[in-house]
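1. mind looking at a prediction? Sequence and model below.
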Amino acid sequence: MCGVGGIFYKTETHSQKTGEIAYRILDGIYRRGPDSTGVTLWHANDGNQLYVGVNCDNPSDGARVLERLDELGSIRQATDGKGYIRAVIDYSGAEAHLVAAIEALDPSISVASVGRHLEVLKHMGGVANLDAQFDLKAYDGRLAMGLTRYATESGIDFTNGQPLTARANSDLAIMHNGHITNYHHLRSSYALKGYEFTTQNDSEVIPIMLIDEMSNGASFEDALNISIEKLDGCFTYIAVTNDCFALVKDSYAAKPAVVAETDELVALSSDPQSLREGVLADMEVWEPGAGEVHIWKM
Amino acid sequence: MENVETLAIDCSDKATREVNNLIRKAADDGVKQVEILNTQARHNIGVGILKPIHLIYRGHVGYYTVGLCDNVTAEIHGTAGWGVGDNLLAGEVVVHGNAASSAAPSLRGGRVIVKGDSGPRSGVYLKSGDVIIGGNAGYMSGFMMQNGRLVICGNAAKGLGDSMYQGQIWLGGEADEIGSGVEQVDPEDGELDAILTLLEQHKMKAPKAFKKLQSDRSLWNFNKHDFAAWKDAL
Amino acid sequence: MSNTFQRPPAFSGTWSPDTIEAIQEKAELGRYQIRGQATKRQDLPSFDDLVFTPAGLSRMPLEGYRERCDTKVVIGEGRVSRPLVLDRPIMIAGMSFGALSVNAKRALGIAATNCGISTCTGEGGMHPEERQHSSKLVMQYLPSRYGMNPYDLQKADMIEIGAGQGAKPGTGGVLLGLKMSEEVAKMRDLPPGVDQRSGCRHPDWMGADDLYMKLEQIREVTNYEVPISIKVGASRIANDVRIACKADVDAIVFDGMEGGTAASPAVQLDHAGIPTIAAVAEAVEALHDMGKQDDIKLIVGGGIKNGADAAKCLALGADVVYLGTAPMIALNCHAPIYLEDYERLGTTPYECQHCHTGLCPVGITTQLPKLMARLDVEEAAERVTNFLNAMTMEIQLFARSCGKNKVADLDPNDMRSLTHAASMMTGIPMVGLNGRKPWWTKF
């Protein structure tokens, strides 16, 4: 089930800090997903830095992950979030190599995100925990989109928490509200094609489907539209890449999500109440209809 | 609180339950109207109010506003969340902005008027009364409606009136696709007058013409010879 | 054999009345018993052991019509130039002209056409009436090649290479003398009135190593236009699937031990083959092992009696269900009419298994004109159409209730098992705690 939402600033100067708005939006949709909270943050990138997030469901393994990161590249910043490792490292090698090297440490350790622009942060419970570990409120970049999770069929832990990325590609993150009912068939088809899954979460087929369609020549927008047809079940999801983000609704408009847009910003949320609390008290919102895809370029 | 004309309730420092209790008490005490301030799109504000009162919402509202009420009139100066006017038995709710999904679900009497656009499933399971939409209506509006009138001045998305039993849909614009079991018929003389008057009263622009849609009864009773219609409906 | 002695009701034990009667009959006939219909066993695990777990809070069900359920299946897509498109995931299984009367064939063809699905010639060749009445016709290619010729192969919409059937796996077809009418005999190049036996295996390919060449031959004759499947009685599924995959057929057909027949050795009906529920689970697993689950279609039959069976079969991973006995019953099989004729056969409606005699009281499994006339083609076609429609509604009802907008999206996770045996056979967890240690065992 869950709640999704976040903020994108069109302007260079922000009337409020991005992270603070994101915090309030996610806090506003806590009731929709009390199990865990996650965000995708966008960073401008001047060079070699790689943003890495690692699921570490045995918190005591945190030190080993940091050690391994240090061996692979040089760490600019790192936080052991007690269950999730956040790091920015200088790294110019192959991302697949980095991922394999980290995951070799232990079966319970998996790379949640790796990208030049996008960073995923996760923690259990509400956004206050996430903020306590990773100082979300201090973030003042252009985009922060997140999710409050209500687990339906997979486990409540770091590994299965959203946002979800796909191993095959960096800089694509998904926040999905709903339930994909044909995920067994889809997983087995994608596994045949060689895609690797990290989680038991039904949502994970979404980033993989988008990457698969785009690798067959579809544009990002085409892939989003194809997903509405190919996914079965109910879903509203936010997709973020390195240069755009999108809001997608299934053919039944089963899961709520509204948009508020001004000259300054675009804000999305499952619950307009959270936008009024989070952004501006009298924001005008509109709700996309069934089967609609809306894309914004960053 | 006797003889008070207007009671102001500021939601910002009150729990939902408190707000509703204050409204109910005001109704019990014969207060004419309540101004509800700092609504901040909260859910369930004005639920279960069963004595006559007029509610003025100064701001956007969340889910089920004026839900399960009787004899209540309301004006919402903003947008409404899912299920506005849910199961209203008698009264009138006017939304000055847009309404989200499932506006006036299972309306049992009275009127819900949305001046802007209304989302998917507007007037779903409508039982009696009027749902009037000044703008466009979303997917599956009027789904399985049982009676009453659904008036859409603008356009409608797919599945309009799908599986409706009785009642009427008045469509000013175009529908992406009419739902199953629906046919267009000619209006009778004077049928539209009441609707046009209502639109005028609420300063809503009437379209040039309305199409009248109603149930074609093909889904009233199972018919084994019409598999195409029943294949997914049963 | 009819008798006026009233047999006592059955009791359990080694020497039951059925057992005694079987020995007596063999003592008379000097051969094994042959009968029609299907196994009489009541102890087989079946689809009834599985239940669906539809949407509740963690999943969302779908409304009818607009939130409709797509039931279409295509066989051979991306593989042949004229794939077989089925409007529903149902095909009518091969029942030969010879086993059935021409009226039955006509009626089934009309019903199948009404429903956008196919019928299958069965053994003995393609009857022109069937080709005329069925908009989609599968032609069977069987060991004895009765009635086989390239022209009819070219007229077919799909070819089914028969390597066995559920009712008598590992053996060939049987058609007893009374049904070997002039017309049937002519099509099969046999003397009228003989008890026809069919070969149990193809004469010109004897194993997997030859199969791919036989397949190529059939593809050549049909210009690579139509899908080709291979049908096997459900027994050594895992290995049979591997072979079929390597041969690169377009579809694999498995017929479970509950599969019907017009004439089979009774002893085989009850003691050979494996239940359909186990067959489909094993077949799907094997397809996944081979990585062919998206490529090669799986068609499963054998005692599928309603939309619940069909939906469960599809949920386990079959793409299409194969129906034989059920449409026969919809035609009029077991109808309580012409009761004296049932009695003369020593049976009653609802119990009759006398297809092999050719004396079918309702005119379906007979070649005698007087009996054939008892089946009104239009009415029978309507009955089968109605039944297939009802079944389709049942299937999509389950799919919708499980939150699926395509019937093909039903999966094993939508079910739970009521019995240990079915759980072991299908891998589907049992309902309830399923072996988990409950809270009170901790204390």
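-> Everything's here; your move.
2. report whether the longest strand along chain A contacts chain C.
-> The longest strand of chain A (DSSP state E) is strand A:169-180. Yes. Strand A:169-180 is in contact with chain C by Cβ under 8 Å from any Cβ of the partner chain, via A:178-179. Every C-beta, even on glycine, is put in place using the N, C-alpha and C of the backbone.
3. average pLDDT across that strand?
-> Averaged across strand A:169-180, the pLDDT comes to 89.
4. in terms of secondary structure, what does that strand contact?
-> Here strand A:169-180 touches strand A:3-9, strand A:36-42, strand A:109-115, strand A:118-124, strand A:143-149, strand A:164-166, helix A:205-215, strand A:233-241, going by 3 or more Cβ pairs under 8 Å, 6 or more residues apart in numbering or on different chains; DSSP states H and E.
5. the spatially most central residue of chain C: what's its closest spatial neighbour, skipping adjacent residues?
-> In chain C, the residue lying closest to the centroid (Cα atoms, centre = their mean) is residue C:301, at 3.9 Å. In space, residue C:301 comes closest to residue C:322 once its chain neighbours are excluded; the distance is 2.8 Å by Cβ to Cβ, 6 or more residues apart in numbering or on different chains.
6. now do residue A:264
-> residue A:11 (5.2 Å).
7. name the helices or strands packed onto the helix or strand hosting residue A:21?
-> If you go by DSSP states H and E, residue A:21 is part of helix A:18-28. Using 3+ Cβ pairs under 8 Å, 6+ apart as the contact test, the elements touching helix A:18-28 are strand A:3-9, strand A:36-42, helix A:127-134, strand A:143-149, strand A:265-269, helix A:272-278.
8. not including adjacent chain positions, what is the nearest residue to residue A:62?
-> Closest to residue A:62 by Cβ to Cβ, 6+ apart is residue A:80, at 4.1 Å.
9. neighbours of the one you found, how many?
-> Close neighbours of residue A:80, defined as other Cβ atoms under 10 Å in any protein chain shown, add up to 18.
10. for the longest helix along chain B, which positions count as buried?
-> For chain B, the longest helix by residue count, based on DSSP state H, is helix B:16-28. Judged by neighbour count using 16 or more other Cβ atoms under 10 Å in any protein chain shown, the buried positions of helix B:16-28 are B:19-20, B:22-24, B:26-27.
11. same thing with stretch A:126-134?
-> Neighbour-count burial for stretch A:126-134 flags A:126-127, A:129-131, A:133-134 (criterion: 16+ other Cβ under 10 Å).
12. ok now it, how far from the chain's centre?
-> On the basis of Cα atoms, centre = their mean, to the nearest Å, stretch A:126-134 sits 15 Å off its chain's mean C-alpha point.
13. also stretch C:230-245?
-> That offset, for stretch C:230-245, works out to 15 Å (Cα atoms, centre = their mean).
14. picking up where we left off before, give me the contacts around the helix holding residue A:21.
-> A:3, A:5-7, A:9, A:37, A:39, A:126-128, A:130-131, A:135-146, A:148, A:267, A:269, A:271, A:273-275, A:277-279 (Cβ atoms under 8 Å, 6 or more residues apart in numbering or on different chains).
15. how about the strands in the stretch 251-400 of chain C?
-> In the stretch 251-400 of chain C, the strands defined using DSSP state E, counting those that start in this stretch lie at C:251-255, C:261-265, C:297-301, C:320-323.
16. and residue A:108, what does it touch?
-> A:55-58, A:61, A:159.
17. let's see it at 7 Å
-> A:57-58 (Cβ atoms under 7 Å, 6 or more residues apart in numbering or on different chains).
18. and for residue A:69?
-> By Cβ under 7 Å, 6+ apart, residue A:69 lies in contact with A:52, A:75, A:78, A:87, A:89.
19. switch the cut-off to 10 Å
-> Each residue near residue A:69 by Cβ atoms under 10 Å, 6 or more residues apart in numbering or on different chains is listed here: A:50, A:52, A:54, A:75, A:78, A:85, A:87-89, A:91, A:98, A:101-102.
20. mind checking the SS state of it?
-> helix (DSSP: H, G, I helix; E, B strand; the rest coil).
21. where exactly do the strands run in chain B?
-> B:6-10, B:33-37, B:53-58, B:72-76, B:91-95, B:111-114, B:130-133, B:149-152, B:168-171, B:182-185, B:211-215.
22. mind putting these into CSV with mean neighbour count and distance to chain A?
-> Formatted as CSV, these follow (neighbours: other Cβ atoms under 10 Å in any protein chain shown; distance: least, Cβ to the nearest Cβ, whole Å):
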stretch, mean neighbour count, distance to chain A
strand B:6-10, 15, 13
strand B:33-37, 19, 11
strand B:53-58, 21, 10
strand B:72-76, 23, 13
strand B:91-95, 25, 13
strand B:111-114, 28, 13
strand B:130-133, 27, 14
strand B:149-152, 28, 14
strand B:168-171, 25, 17
strand B:182-185, 14, 18
strand B:211-215, 20, 20
